[in-house]
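> the following block contains a protein sequence and its predicted model.
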Amino acid sequence: MSNYGNLQKVIDGKRKFGITPHIPGGFITPENLEKIAIVAKRYNGVIKITSGQRILITNLEESDLPLIWEELGMMPAVKTQNSVKNVEMCPAGFCKRAKHNTIGIGMRLSKRYHWAEMPCRTKIGVAGCRNACGSVYSKDVGIIADKTGFMVTVGGSGGYNPRMSDIIAIDLTEKAAENLVDIIFEYYKENAEAGEKLGFFIDRIGIEKFKSDVFKIID
C-alpha cells in the first residue's frame, strides 16, 4: 500500500506527515474510533477533526506510515488528486429537522463515487433539509431534501476561488435525484477540461447550456 501521507509544515528541517483515513459520511464505529486513538498515541500523533467529516492524524514520521496504515486497517480518504474526495452528509436519520433520511442516498453515492476519477478534485454534499448542514451549497454536487422532494445543486466551491452552487432541479424523487447526479458526472467527465472544477466548467459554457445538455440526456 502507498504511504498516502501528506507532508505537513517543515519546522527546523523536521519533516512531519499527516494521514486521513476514509470515514464514510463521517459515521465511525466506536471500534474504529478507539483504534485511531490507540494508533495515534503509539506513534505520537496529533488528532484533528477536519471540516470534511474526517479525522486527520498528523505529526507522524514518514517511515512509520506503512505500519500505521497496517495497524489501522482502514483505507485512505484520498488516493489521487483529481477524484471524488469525499461525500459529506448530515445526520438526517437522527435529526428532528430532517425532511427525509438522506443517509441512505449519501452512502450509495459514497460507495459509487468515492475515489472515482474526475477532471478535477470533486466533493459531494447530501443534506436532509434546506439548512444544508455540511455546507452542501459549496460542494461540486449536492442533494438536499425538502418537504416537496429533492433538490440537486451543482458547481459549488469553498476553496481558493469560492463559488455558490446553482440549483438545477427541485421536487425530484430520491431515485430521480440520484440518477441526475449520475448524468451530471457523466457529462462533466466527457466535456470538462483537465483540471477544470465543475463550477468553472459551468461558468465557461453557461449554466443554461449545462442544464439543457444534462436534461437532454435524461430525456
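Thanks, I have the structure now. Numbers count the residues shown, from 1 in each chain.
> which SSE is the residue nearest in space to the middle of the chain in?
Against the mean C-alpha coordinate of the chain, by C-alpha atoms, centre = their mean, the closest residue is residue 86 at 2.2 Å. According to DSSP states H and E, residue 86 maps onto strand 84-89.
> dump that strand to CSV, keeping only the CA atoms.
Taking C-alpha atoms only, strand 84-89 is exported to CSV below (Å, rounded to 0.1, in the frame of the first residue of the first chain):
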residue,chain,number,x,y,z
VAL,A,84,-14.1,12.5,-5.7
LYS,A,85,-12.5,13.3,-2.4
ASN,A,86,-15.5,12.7,-0.1
VAL,A,87,-19.2,12.7,0.3
GLU,A,88,-20.3,14.8,3.2
MET,A,89,-23.6,14.2,4.8
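> any regions of this protein where pLDDT drops low?
Scanning the chain with the threshold set as pLDDT under 70 gives 1.
> ranges for the strands of it?
When assigned using DSSP state E, the strands of the chain occupy the ranges 6-7, 17-19, 46-49, 55-60, 84-89, 122-127, 141-146, 149-154, 166-172.
> what residues are up against residue 213?
187, 191 (C-beta atoms under 8 Å, 6 or more residues apart in numbering). Using the backbone N, CA and C atoms, a C-beta is placed for each residue, glycine as well.
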